[in-house]
Structures are given as structure tokens and as C-alpha cells.
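S.K.: please find the sequence and the predicted model below.
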Amino acid sequence: MKEKGRLLKILLKELYDFKPKIFIVILLHIIVNAVLPLLQLLLSASVIEWLLSNVAIQDYLVRLLLFVAVVGSVQMLQNYFNIFIEENMNHLRVYIRNKIQRKYLTLDYPQLIGKEAQERYNNANELTDNNQSLFGRILMEVTQWGSSILGVFIYVNILVQLESLFIILVGIFALIVVGFNILQVKIDRKLFNSKASNTQKLRYLRKVYGESRITKDVRVFQMQKWFKKIEEKTIDKYYKIVKPKVRLTWAESTVVNVAIIGLSALSYIRSVQLIVSGSIPVSSFVIFAGSVTILAQTIITFISVSGKMNTSLNETKKYDDFMSQAQVFNHGEGKALPEEPLSIELRGVSYTYPNNVEPTIDNITLTLYPYESLAIVGENGAGKSTLINLITGLLKPDSGEILINGIPQSEFNIHDYYALFAPVFQEKFLLTYSIRDTIIQGLPFNEQKYNKVIKLSGIDKIIDQFKNHDQTKIVRAVYTDGVSLSGGQLQKLKLAQALYKDSSVLVLDEPTAALDPLAEHQVYKDYFHFSKDKLSIFISHRLSSTRFCDRVIYIKNGKITETGTHDELIAAQKDYFKLFEAQAYYYRNDHREDSEERTLVKGGVI
Amino acid sequence: MDKVKIFKRAFGDLIRIGKRYYILFFSQSLANYSLPFIGFIYMTRIVDALSRSNMGVVPSLVFQYLSILLVLQLIAGWLEPLVDNEESLFLRKLFAEPNKKMLSMHYHYAESSEVREQLEIINRSMMSSQSSLPMLNVRIKEMMPGVISVIWGITLLTPLFKVNVSSLPDGFMWMHPVVILAVFVTLIGISIVIQTKISKKSSERLTEMLSELKLSNAIFFYEDQILEDVKSGKEIRLYNLTDKMIANKKRDSNHTEKLLSSNYKKFRRMIIPTSGLFHIMTYLTYAYVGILVLLGTLPVALIIQLSSALSRMISALPDVIQHGMMMISSPEELKSYYAFMDLPDEEVVGSLPVEKRLDNDYTFDIENLSFAYPGSEEFVLKNITEAFEVGKKYAIVGENGSGKTTFIKLLTRLYEPTEGKIKMNKIDTKKYDLKEYFNLFGVVFQDYHLVGFSLGQNISVAPTYDKERVMATLVKVGLGTFVRTLPDQLDTYLGTEFNDSGVNVSAGQEQKIAIARSLYKDAPVMILDEPTAALDPLTEFEIYQNFDKLVQDKTAFYISHRLSSSKFCDEVLVFDKGEIIQRGSHEDLVKTEGKYQDLWNAQAQYYQ
């Protein structure tokens, strides 16, 4: 209960921060919603009463005018509030979504990785998906909830005048509805997983249908029938999954509707009796008959909305879980970055990914000297990228420390620290920017530096081919007038990006995996050219660059097993030698005739 | 006229795909939205009886009313869960339609990047375009209550015209129903005109707003996708992008908010004319019926039926009109949807069955084959005349873009020749039934893909599979021990996207599974299009060594960048700029002057 209170407070605070006046509108909306149906009933009843008592025509018209004017104004208010709430549902959703995304962008990298971290983000993000998600529906829900409480109060009071038994019957009716609601929630929970996995299957099927990489296989292997069968099976399964839910809903609808008819019958019989005995006028039949229908509906709404409000509070927890994460790195005052050439020292560094047992980096001690170029070699999964992530400060060692010119990593402000490194990663994520914005990334624009960089990197020749020059957009999925850069052009772009950052350390994490060896060699030549006055770290899968590095380390199972120059390691005839030989076999006995860059297409599972 | 046709087709498609859903939905809506009108009718009759003190009929009226109510409520209540389930399946199918089209359209469309882009746009506009099929469905759903109310409203108004005119007092002849009817029709007419105009305007505005939002929406979805992959976070942090991205997002969402607000502002302004007109008509209804009652020409109780029916009808009209106008507001996008859906399907050109031969004696003769992509003048393949014998192994080498893969696509009839013929057993391949023709080939494409269904199904490419044969094939490609370690053996799912219990397999294993798939097909011709390009050197070597054993006596084509593969083939075909410039065994070619020798020597000079 205490937890619920806390969550409610969070929810209310968000609404208050969003727009304090929303509370006033909700309150007014609640009153209008509850009162309007009653006013309409009263209008009908009054008209009948006036007519039965044979008022003068003028009188009738004037009274009618007043009454219709009142009802009309209230209804206009209701319309106005409806639109107001609907509009603000959208605004609130966007407002919260921005908050979540802002938070996500400012979290530190370790808070993003791992299944749990991802789920935390996805769970929070999903709350703003559409008007059925928490922050889309909450305003409407609160309004409905308030109106139904007020409504139950009003209509019970009316019907009690007719028959005091009503208060008990309504109580029993409410209990029945609550009972079914609990059962519904239970069955929903029970079916949730199987329903979700069924949905996941259908969604996957849809993706496969539209998958570009499978067009040839589909035809030559004639997969259509196979897909069709699987779709049919999945749909059959869906019916089976929802069957218990359908049955329960049938039972519920039967019981509840019979109960409603019972309540109505009672109200009709009692009001007819009272009319016959002359204790109430005929016109009140309209009020009592109408009230019972409205009341039953209001109770059903009240209970289902109460259930939803409970869900909403639980969902608020997902929001809070994500938003209440505090950053883990030093974002405050830090030591000044060293002016002199950098050396980096790793002392007994170990790192284990969340939910993993085996450490990915296991007690590594290594010193990188000023202006050195170091190659990190090893099989996939050996821990090369993780080592880079630790050095660049994306991850924090579990034990051991990393020192920059003798100062521990954690003593720098993390943003200052990041300024030390210009990395080029294997994965190429393009944002929806122009070429220029992609090169400067988050740094301020400096024309002189920029012009120098585009010339040095050779991207100026590529830019010149485009009509919009460096204002050309590079994501065609968003800008249809944009261009899609080829693998080689992308390499140049990334080179320019790294050069523009002009950091002391150049880091290349397998940036050329998608290129063939000769093109790869060209790229490395470019980088070597610019790395003379920098400390540089190269991860290369294909080894073609390692022989030019000052030093090579070979990583196996998170440990450094070999260190030395290329020639030394070859002479040692250990793992590095073996990997190199397997590679060289094809260079010696074979030839790749296409020296042009080409994007390597790969197979895989969709 | 065109517009009518296209909407007719759209509605036809909706009904076709969602027949069950619509039948259930219409029945449920009818029961549900008739309820209040049944209420008006009986309320009128009961109050009538009460006001005349005709108490005898009241119990039976109440009983009748409650029984009908119960039946309708039960129908509506029972149909509801069925409608919900049917709807969610229907929507899935509807959204899958354009993707499904990709499976059946002619291959050269399916692989073209323009068609891909079209598909993406169509998928994106499914939810945003006002006239897309899913949006039409939403409109139908929202119009339904209104349509039923209008029909009921008109029906319940009939007593108005049965007014006994002769009983009107002299000064009240203007109360004649015909006059009043004329007034009402005029008012309703005016309100319809206003509504139509307003709706048209607001639908135009909405379309306009959506098109203005298109870009920021596209950016948002794109960035969202990128952010979902945590690895993007590395570059964002190291290149100090956080602030820039936040600022961009803020700018975009401010823009969206402003547009939305101004739209709602206009929307709010419409309340007064719409709602005002509605209340004037309510007033007039009550006034008119009331006067008739006071004059004694109508029973009191009828006021319930008449005023309720009229007010329901009038309040339903704006919605019906608005949704109707929204529906037809953007036929252009519907047109482009159908342009996509109408791309020609894989033509069934041939009908000749392919002769089943146990000896796998299928020969291929190629005569003057040339190929250019549709709409292009440039020939990718030129004048190829070759014959291929049964059981031989052919290596296809050549630079990128020399036409190797195109040649294979033509041989397997994924493409149709622009000029010339490919003959199989002396008959033009065009004449064969395409599906049967496909059965001749076991192909491992360079960019082959497996699907997230079970391993066994991936081998058999069918819902069922012969366990022993699948297992034997997997053993052949060297996956025997691996499969035995899997939790569900052959029933293990590949990847976790279709089924959470699946396992992820390595690139080398995937490759072997793809080879097993084409072996299981036991087709007479095997084609391997550079199947090892993405593998590490050790796995590649293993596959090379094994290949001869796997292919056995089948005819095989082997495309590779690595010349070493031509050593284990009977003949080498050297492609250059769309032509086959050399053909012969590796030993012969390496000794003769020409392209092949150049390539070989170039390599020798580099590495030996």
C-alpha cells in the first residue's frame, strides 16, 4: 500500500510538472460527465410533466428554451473538455517520451548494456507508445474513474428513493462485477506469455515475408507453402490460447446482463407501483427507468477503470525504475587532462558482463607508451572490443584500474575523458544528419579545421560529386533526396570524423570487417598516415595491418597470451602464427582480383 | 471514376481479408446500437399506458421490453470477445499484405531497391495515411454506431407523418407535418452541408499536418531504431552527440506540438457551430412535438420516441459525415498501394512438367544468351553460347560485376533472358513449369538466409521432415555432433526471434546448415555462389575439402573469387564484362595465354 502511495505521488507529480491546470480541467470534466446524463433525463421528465399538466404553449416554449440552453451549455463544456483532454493526452505522451529519451541519452554506457538494462528502457519507452499506453490513457482514465465514482453516488441516491433495497442489490451487483474482473485479470495474466509469444511469431512471420535478404531462397526453395502452413498453425494456436478467455467473457456477460435486467425489472415494477398508488408522477418513470440503466453501466465502468488504475500504478513503477537511475561515472569536477603525450596503463584490469559468469577481461596488465601503435589480435569473442571499451571509458573495470599518465581514469570528468579518444567502430550507425554534421558530430563547427579535414581524408572528392555538397543527407530511408554511401565512402566519412575530433588516441575497432583484404589494407594505410603523432590502437580480424604496428598483443579468453612485434610472434609459432598462416594460405595460393572495395554480403539467420 | 474504382477495390479487399471479422462485427454492432432505440420505443409505450392510466398492459410491456433487452445484450456480449479476437488477427493479416506480396511478385521486382523503398513507404503510411486499408477499417468501425443510429432515427420518426392533420386547430396549419418536414429537411440539409465542409477542411488539415509531420516522424522512428541497438551508444558518447541529439529531439517535438495544438485549436472552434446547431434542432423537436401534444394531435408519450430518435440521429450525423470524408481524403496513397500490389507475380509462363529422371540426366544448352535489366540498355551478359554436361563440376571465375551471379540467376530462371535461349534437355526452359524447374536446383547463394523456425524444417523447407534423412544430411556436412548437443535436437529453433527457446548458431554452422538444406533437396544440379566468403579461413578450408564428397555425381557450378577452387573442378569458365572469354581445365588454362593465366600469375607474383 505504501508502495502504491509512492507510485501515485510520482504519477501526480509528473502530471503536475506537465501542466498544473490539468487537474482543474479533470475535476470539471468529472462533474460535467456525471451530471449531463441526469440533466438529459430531467429534461425528458420535465417535458412530459409539463405536457401532462397542460401548460400554455408560450409557457412551455420558454421553459423548454431555458432547460435546453442549460443542457446545451453543459454539453458544449463536455465537448470542450473532451477535446482538451484528447489534445493533452498526446502532449503528455510526447512530454514523457522526451523525458525518457533524454534520460536514456544521458545514462552512462554500462547502464545500457545487458538484457535487464534493455528491458528497463523498453519497458519505460513502451509506456508512451500510443494512446492505450500508460501516459497516453492516464488522463482519460482518471477522468473516467472520477466520473464513475460520482455517477454511482448520484444514481444510487436517486434509486434509493424508489426502493431502499437498491443499495443492497447494487452492492451485490458490484461484487459480481468485481469477482469477474478479478477472474479476468487472473486469466489475462495466465495467458499473457502464450499470447505474447504467439504475437511474436506472427510479427516474425510478417518480417520474414518482407525480408529482402530471402527473396532468392524463397523462390528457389519454394518456401511459400511452408510459411503459409506455419502461419495457419500459429493462428490456430491463437484461437486455442484465447478460448478460456472467451468462455469466461461469455459467462461474465451472461451473469452480468441477467443481473442488469433484474435490477431494471425491480426499478420498473416499483416505479409503476408508486405511479399507480399516486405517490410519484408518471414523468418520474423516465428518471427511474433511465437511472437504473445508467447506474449499471457506471458500476461496470467504475470497476473496470479501478482495475486499470491499479495497472497504471504498477506500470508507473516501470517508469520510475528507469528514471531513477543515477549516472555511474564522474560527471562532476575532474582533473585537468594531461598536456604531455599520453601513456595508458592497465593494472590488473578485469571485467565481467552483467549476467555472465566468466570474466571477459581477466586480469590484464598492459602499458601503452606515447605515440605507440598497438595491434590487438584474437579470435571472435576473445575480448578485444571489451578491452577497447574499458580503455575508452565506456565500461568501468570490475577490479584493477586504468591510469592516464599516472592519473586514475575515474578522477577525470567523463566528458573530458572521452575527448581523449577518436574511435572508429565496426558498426556504422548513421544519424539523419548531413555529411558535414556527421563529420563534426557533437563538436562545434570550426571552418578552418573542417576544410583541412575533408581534404586530408579525401572525402572532399566524394562531397564534390553531390549536388548539395556537404549538406547532402546520408540516410535515404528518411530523406529520399539523400544518398547512400558505399562501403568505401563510409570509411572516408569515418576517417574524417575521427580526424576532426583530433584526439590524442586513435582507436580502430575492426572498422573494415565489411571490406575485402586489399581495400582494408588501403584503409589502414590511410590511418597509419595520420597516426604518427598519436597513440593508436588497432583491432583487426584479418591481420593485414598488424605487421605495421609497433607491437602486437594476442588475446585469448580475456588474457594476453602473446606480446611482441609481428615478426617476433610469427617466430614464436603460437596462436598468432596459426591464425596468420590460415589467412596467408589464401593470399599465397589464391588471388582476389577485385581490388576495388566491395561490401561483403553474408548469410545468416533472419 | 477512377477514385470510385479504387475505393471499391479497397473495400472489396477489406471484406475479402476480414470476412469473418466483418460478419461478427456487423452483427455485434447491430445488437449493441439498437438497444437504446428499442428502449425509446418501449419507454414510449409504457409511459403512454401510464399516462392513460391503462395499467393492464404495463406488466406485459415491461416483460416484453426486458426480454428483448436481455436477448440483445446477450448477443452483443457474447459476440464481443469473438469480434476482438477476430479483429486482432484481421489487422495482423492486413498489415502483412504488402510484405506477403514480396513473396509472390516477380523476382526482379522483389530484388529491386525501388520496390523495396516503395514497400517501406507503404508500411509506414499504413498507420498515417487516411486512406490506407487499416485506416479505412478504423473509419468503418467508428462510423458503424452512427450509421445504425441514423437508420433507427429515421424509422422512429415515422409517427410524425401520421399526425391527424384535420385535428389541428385553424391557426395552427403551419404545424402541418409537411411544412415542418420541409423545415427539418432544410435544417438537416444545412447541417450536413456545414458538416461536410468542416469535415473536408479538417481532413485536409489533418492530411496536411500528417505530411508536415512525415519527416519528423521518419526521423523519430529511424533514430529510435538506432538507439535500440545499444552499440550506437558508444559513438554517441565518445563523439559528444548527446546534447546535439537532445536538442534536435526537442526541436522536432516542439514543432510537432505546435502543429498539433493549432490543429486542435481549430477543432475546438468547431464545437460552437456543430453543437449549437444540434441544440437548436433539439429545441425545435421538443417544441414542435410538445405543441402537437398540447394541441391534442399526438399522445404525450410519443415525445420520448420522437425527440430521442431525432437527437440521436442528429448527433450521429456529424461523425458519420466526418469519418466518411476522412476515408476518401487521400486516394493518392491508396493508388500507390495498389500500384505496388499490382506488380506482376511470378509468371507461370511454362506448363510443361519436368521429366523426373533417376539418372539425373539433365543437360543444359545455352544459345546466344544476352541479358539486360528491364529498362536498361546496358547488357550485363552478352552472347553466351555454351553446353553443360551431366555430372561435371564447373568453376565460374571473374571479377565483380562480370556477370557470374547474373548467369546463375538466368540459369535458375530467376531472370528471363533478354535475348537467346537456355535449353534443358533440348527444350527451351521457358516452356517448363517454373516451380518444377526450380526443383532441379540446390543453390547456396552467397547471401543465403535461414529462417527462425526449427532446424529440421530449415533443412526440409517444409512443415514436416524425415528425421533420419535430415540427420544423415547434417552428419554429412559435419554437424552431427553439434545437433546432438542441442536441447531439442532437430526441433530446436534457430535464433530466438520466432521462438524464445531457440539457439544462436555460429556463422560457420549457419553456412553448413544452408549447404545441408540444398543437399536435402537432392536436386540434380548444385550451385554454390561463393558460399564461403564470410567465413573464417579455417571453416572455409573445411568446406572446400568436403565439397567433392558432398556433391558426388551431381552437376555442379561453383562461383568463387578464390582461384584455388577451380583446381578441384573439371572445367573453369572465365567471365569478363558479361562474356565467357575462356573455358577449359585449370591445367590447360594456366598454360595458355589469357585472362586466367594473368590472374594466376598476378597472384603468384604477390604471394609466392
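M.R.: Nice, thanks for sending it over.
S.K.: give me the secondary structure label for residue A:538.
M.R.: Recorded secondary structure, residue A:538: strand (DSSP: H, G, I helix; E, B strand; the rest coil).
S.K.: return the residues in contact with it.
M.R.: A:373, A:374, A:375, A:376, A:508, A:524, A:527, A:545, A:546, A:549 (C-beta atoms under 8 Å, 6 or more residues apart in numbering or on different chains). Every C-beta, even on glycine, is put in place using the N, C-alpha and C of the backbone.
S.K.: report the beta-bridge partners for it.
M.R.: residue A:375, residue A:508 (DSSP bridges).
S.K.: okay, it and chain B: tell me how far apart.
M.R.: 17 Å (C-beta to the nearest C-beta, to the nearest Å).
S.K.: can you map out the strands along the stretch 351-500 of chain A?
M.R.: A:361-368, A:373-377, A:399-404, A:407-408, A:421-424 (DSSP state E, counting those that start in this stretch).
S.K.: got the ones you listed as CSV, with mean pLDDT columns?
M.R.: Shown next, in CSV, are the strands of the stretch 351-500 of chain A (pLDDT from 0 to 100):
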stretch, mean pLDDT
strand A:361-368, 90
strand A:373-377, 88
strand A:399-404, 90
strand A:407-408, 90
strand A:421-424, 88
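S.K.: stretch A:247-264 near chain B at all?
M.R.: Yes: judged by C-beta under 8 Å from any C-beta of the partner chain, stretch A:247-264 and chain B are in contact via A:249, A:250, A:252, A:253, A:254, A:256, A:257, A:258, A:260, A:261, A:264.
S.K.: which of those count as buried?
M.R.: A:249, A:250, A:252, A:253, A:256, A:257, A:260, A:261, A:264 (16 or more other C-beta atoms under 10 Å in any protein chain shown).
S.K.: what about the second one, which SS state?
M.R.: For residue A:250, the secondary-structure state derived from three-state DSSP is helix.
S.K.: and the stretch 51-200 of chain B, which residues reach chain A?
M.R.: B:51, B:55, B:58-59, B:62, B:66, B:69-70, B:73-74, B:77-78, B:80-82, B:85, B:89, B:92, B:95-96, B:98-100, B:102-104, B:107, B:110-111, B:116-117, B:119-120, B:123.
S.K.: about what we covered before: could you export the strands of the stretch 351-500 of chain A as CSV, including mean neighbour count?
M.R.: Compiled in CSV, those are given as follows (neighbours: other C-beta atoms under 10 Å in any protein chain shown):
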stretch, mean neighbour count
strand A:361-368, 18
strand A:373-377, 24
strand A:399-404, 17
strand A:407-408, 14
strand A:421-424, 24
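S.K.: before we move on, the earlier item: which single one of the buried ones among the residues of stretch A:247-264 next to chain B is nearest to chain B?
M.R.: The nearest member of those to chain B, counting by C-beta to the nearest C-beta, is residue A:253 at 2.9 Å.
S.K.: could you find the closest non-adjacent residue to the residue of the stretch 351-500 of chain A found nearest chain B?
M.R.: Chain B sits closest to residue A:442 of the stretch 351-500 of chain A, with a gap of 3.3 Å, by C-beta to the nearest C-beta. In this structure, residue A:442 finds its nearest non-sequential neighbour in residue B:240, 3.3 Å apart by C-beta to C-beta, 6 or more residues apart in numbering or on different chains.
S.K.: now residue A:39
M.R.: Closest to residue A:39 by C-beta to C-beta, 6+ apart is residue A:71, at 5.1 Å.
S.K.: check contacts around the one you found.
M.R.: A:36, A:39, A:40, A:43, B:279.
S.K.: so the fourth one is in contact with residue A:69, correct?
M.R.: The reference is to residue A:43. No: Residue A:43 lies out of contact with residue A:69 (C-beta atoms under 8 Å); the separation is 10.9 Å.
S.K.: out of those two, which sits in the more crowded spot?
M.R.: residue A:43 (19 against 12; other C-beta atoms under 10 Å in any protein chain shown).
S.K.: what strand or helix carries that one?
M.R.: Here residue A:43, judged by DSSP states H and E, is contained in helix A:22-52.
S.K.: I'd say residue B:592 and residue B:584 touch.
M.R.: Yes: counting by C-beta under 8 Å, residue B:592 does reach residue B:584; the two are 7.5 Å apart.
S.K.: those two - which one has more neighbours?
M.R.: Between residue B:592 and residue B:584, counted using other C-beta under 10 Å, residue B:584 has the larger neighbour count: 17 against 11.
S.K.: tell me the bridge partners for the more buried one.
M.R.: Applying DSSP bridges, one finds that residue B:584 bridges with residue B:572.
S.K.: neighbours of residue 143, just the number please.
M.R.: If you meant another chain, say so; for now it's chain A. Counted with other C-beta under 10 Å, residue A:143 comes out at 22.
S.K.: not quite, go with chain B.
M.R.: 20.
S.K.: can I get stretch B:202-215 as CSV, trimmed to CA atoms?
M.R.: Presented in CSV, the C-alpha positions along stretch B:202-215 are these (Å, rounded to 0.1, in the frame of the first residue of the first chain):
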residue,chain,number,x,y,z
SER,B,202,-10.4,19.2,-41.1
SER,B,203,-9.5,16.1,-43.1
GLU,B,204,-7.5,18.3,-45.5
ARG,B,205,-5.9,19.9,-42.5
LEU,B,206,-5.1,16.5,-41.0
THR,B,207,-3.6,15.3,-44.2
GLU,B,208,-1.6,18.5,-44.4
MET,B,209,-0.4,18.1,-40.8
LEU,B,210,0.5,14.5,-41.3
SER,B,211,2.5,15.3,-44.4
GLU,B,212,4.2,18.1,-42.4
LEU,B,213,4.9,15.6,-39.7
LYS,B,214,6.1,12.9,-42.1
LEU,B,215,9.7,14.0,-41.9
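S.K.: distance between that stretch and the chain's centre?
M.R.: 23 Å (C-alpha atoms, centre = their mean, to the nearest Å).
S.K.: does it reach chain A?
M.R.: Yes: Stretch B:202-215 comes into contact with chain A (C-beta under 8 Å from any C-beta), by way of residue B:215.
S.K.: ok, back up a step: show me what contacts the residue of the stretch 351-500 of chain A closest to chain B?
M.R.: B:239, B:240, B:241, B:242, B:243, B:244.
S.K.: so residue A:311 lies in a helix, does it not?
M.R.: Yes: looking at residue A:311 with three-state DSSP, it is inside a helix.
S.K.: that one and residue A:7: what is the separation?
M.R.: The gap separating residue A:311 from residue A:7 is 11 Å, by C-beta to C-beta, to the nearest Å.
S.K.: could you do residue B:581 as well?
M.R.: Taken as C-beta to C-beta, the span from residue B:581 to residue A:7 is 75 Å.
S.K.: follow-up on the earlier one: now, among the contacts of residue A:538, which is nearest to residue A:186?
M.R.: residue A:376 (54.3 Å; C-beta to C-beta).
S.K.: nothing else from me, thank you.
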